[in-house]
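**Student:** structure for this input, please:
(one chain, ligands or ions: 3)
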Amino acid sequence: MATPEEAYKRIIPLDFGSVQTVPDSFVWPQASDGVQSGDGLTIPIIDLMDPNAPQLITEACETWGIFRLKGHGIATKLMEDMESECERLFSLPTDQKMKALRSPGGRMIGYGIAPIQSLFSTTMWHEGFTIMGSAIDHARLLWPNDYQGFCDKIDDYQKQMKALAEKLMRILFKALNIPVEEVNWFDDPTNSSGCSLALQLNSYPPCPDPTRTLGLAPHTDTSIVTLLQAQTSGLQVFKDGVGWFAVQPLPDALIVNLGDFTRILSNGRFISVLHRVVVKPIQRYSAAYFFRPPMDFAVSPLLSKDLGPGQVPRFRCVTAKEYSDLKAKHLDEAFSLIEN
Ligand SMILES: C=C1C[C@]23C[C@H]1CC[C@H]2[C@@]12CCC[C@@](C)(C(=O)O1)[C@H]2[C@@H]3C(=O)O
Ligand SMILES: O=C(O)CCC(=O)C(=O)O
Ligand SMILES: [Fe+2]
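**Tutor:** Numbering: from 1, shown residues only. Ligands and ions are numbered 1, 2, ... in the order given. Sure, this is the predicted structure:
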């Protein structure tokens, strides 16, 4: 059992600016086992304005669990602003960022290493900033006289991402025969049922030896859907029978990936894609918006009006909270624990 000091150390990132080599504690032997993308190994590109988009999205969810989305309506300027805010935040001196450090055992918000880090003994080449709702309390600590600009951008971004995620959720639920009318939190403007929506700003500092370490260890997201913005490559997905391969970002497109809750709701039909991040000699930022149900929501394949002939539910019903707690302890094994 870790002492409180040890636990605390686990949320403090490395002072990346000062290291010339990858320390042993950051060495992931499997980091370089990616494959080159070849024929048939491209993540679909879908235009949301295409009348066929719902069909294409459904197919992408069944085959990949991830796709690149154009025509999403998020202004390029807002995406650029978000990238600049990431740069402004993560370029702050380490002792300044430390003021907004996530508190151990507390709510998962603020500055620090990846929340899943506690499940791995090898450290990830990463620092992050987690936001749920308003960012004001932490932004004040980072920029005591100048926090409003950051907060306004974050609010605007979350509002637009939420609207887009709801649009996508409508498409997914329609494909799964789940009536959105029965989901009482859907479209709730106050999101009063608890802070489960989250925005994660990720920074992967320039790495002197990129093939030896990982930015984020393999994981699936604890979300319905995750909307990811990243200007440079680094994200990889795992495809059965193929291995790890790169998702190339497109200018202006967002990367959309499904999370575990959609796998449960779809009774396994839609893929909650396993992904990881490799690092580069250059700085990389990303912003991930996690669209998640309120913690008291009961997630079950039986919400669907049509499991298909002879189909039985593969997963038992769990609240979002119950599942998140299982995930925090068991990561990938969480699924086997809810399998019927
Ligand atoms: C809303 C969420 C979703 C979280 C937990 C919580 C806040 C931060 C998210 C991430 C972001 C980084 C990868 C991940 C795996 C992690 O370590 O923290 C994500 C995790 C999850 O999808 O499970
Ligand atoms: O940085 C990326 O490309 C992916 C980030 C990610 O997977 C996450 O925040 O959950
Ligand atoms: Fe992720």
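**Student:** and the residue most central in space within the chain, what are its phi and psi?
**Tutor:** Computing the C-alpha centroid of the chain and ranking residues by C-alpha atoms, centre = their mean puts Ala288 first, at 4.8 Å. Dihedral angles phi and psi of Ala288 (degrees, to the nearest 10) take the values phi -120, psi 120.
**Student:** also Gln55?
**Tutor:** According to degrees, to the nearest 10, Gln55 has phi -70, psi -40.
**Student:** before we move on, back to that, quick check: bridge partners of the residue nearest to the centre of the chain?
**Tutor:** Gln200, Leu228 (DSSP bridges).
**Student:** residues in contact with it?
**Tutor:** Neighbour list for Ala288: 199-200, 202, 221, 226-229 [criterion: C-beta atoms under 8 Å, 6 or more residues apart in numbering]. (Each C-beta comes from the backbone N, C-alpha and C, glycine too.)
**Student:** tell me which element Glu62 falls in.
**Tutor:** helix 53-63 (DSSP states H and E).
**Student:** likewise for Ile264?
**Tutor:** Mapping Ile264 onto the secondary structure by DSSP H and E places it in helix 260-265.
**Student:** contacts for that helix, please.
**Tutor:** Under the criterion C-beta under 8 Å, 6+ apart, external residues in contact with helix 260-265 comprise 61, 172, 176, 178, 220-225, 270-272, 292-293, 299-301, 303-304, 315, 318, 320, 323, 327, 334-335, 338.
**Student:** mind running it again at 6 Å?
**Tutor:** Defining contact as C-beta atoms under 6 Å, 6 or more residues apart in numbering, one finds that helix 260-265 is touched by 220, 222, 224, 270, 272, 299, 315.
**Student:** neighbour count added to these, as TSV?
**Tutor:** Converted to TSV, the contacts of helix 260-265 look like this (neighbours: other C-beta atoms under 10 Å):
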residue	neighbour count
Thr220	23
Thr222	24
Ile224	26
Phe270	24
Ser272	25
Val299	22
Phe315	22
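**Student:** how about the residues of the stretch 151-300 of the chain near ligand 2?
**Tutor:** The interface of the stretch 151-300 of the chain toward ligand 2, taken as C-beta under 6 Å from any ligand atom, is made up of 200, 202, 216, 221, 228, 230, 234-235, 275, 277, 286, 288.
**Student:** which SS state does the residue nearest to Ile66 when sequence neighbours are not counted fall under?
**Tutor:** The shortest distance from Ile66 to any residue other than its chain neighbours is 4.2 Å, reached at Asn257 (C-beta to C-beta, 6 or more residues apart in numbering). Reducing the assignment at Asn257 to three states with DSSP: H, G, I helix; E, B strand; the rest coil gives strand.
**Student:** my guess is Asn257 contacts Thr226. True?
**Tutor:** Yes. The pair Asn257 and Thr226 qualifies as a contact (C-beta atoms under 6 Å) at a distance of 5.1 Å.
**Student:** where in the stretch 1-150 of the chain is pLDDT low?
**Tutor:** Along the stretch 1-150 of the chain, the model assigns pLDDT under 70 to residues 1-9, 37-40.
**Student:** all strands for it, in order.
**Tutor:** Assignment of strands within the stretch 1-150 of the chain using DSSP state E, counting those that start in this stretch yields the ranges 34-35, 45-47, 66-70, 110-112, 127-131.
**Student:** out of the ones you listed, which gets nearest to Leu164?
**Tutor:** Between Leu164 and the strands of the stretch 1-150 of the chain, the tightest spacing by C-beta to C-beta is seen for strand 66-70, at 8.5 Å.
**Student:** the closest one pairs with which strands?
**Tutor:** Those paired with strand 66-70 in the sheet (DSSP bridges) are strand 45-47 (parallel), strand 254-258 (antiparallel).
**Student:** related to what we said a few turns ago, save the residues of the stretch 151-300 of the chain next to ligand 2 as CSV, and put in secondary structure and distance to Lys153 too.
**Tutor:** Formatted as CSV, those follow (DSSP: H, G, I helix; E, B strand; the rest coil; distance: C-beta to C-beta, whole Å):
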residue, secondary structure, distance to Lys153
Gln200, strand, 15
Asn202, strand, 16
Leu216, strand, 24
Asp221, coil, 23
Leu228, strand, 17
Ala230, strand, 17
Gly234, coil, 23
Leu235, strand, 23
His275, strand, 26
Val277, strand, 23
Ser286, strand, 16
Ala288, strand, 16
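**Student:** farthest pair within those residues?
**Tutor:** Using C-beta to C-beta, the pair of those lying farthest apart is Asp221 and Gly234, separated by 16.1 Å.
**Student:** this protein against ligand 1: which residues are in contact?
**Tutor:** Counting by C-beta under 6 Å from any ligand atom, the residues of the chain that sit close to ligand 1 are 108, 114-116, 130, 198, 200, 216, 219, 221-223, 290, 292, 327.
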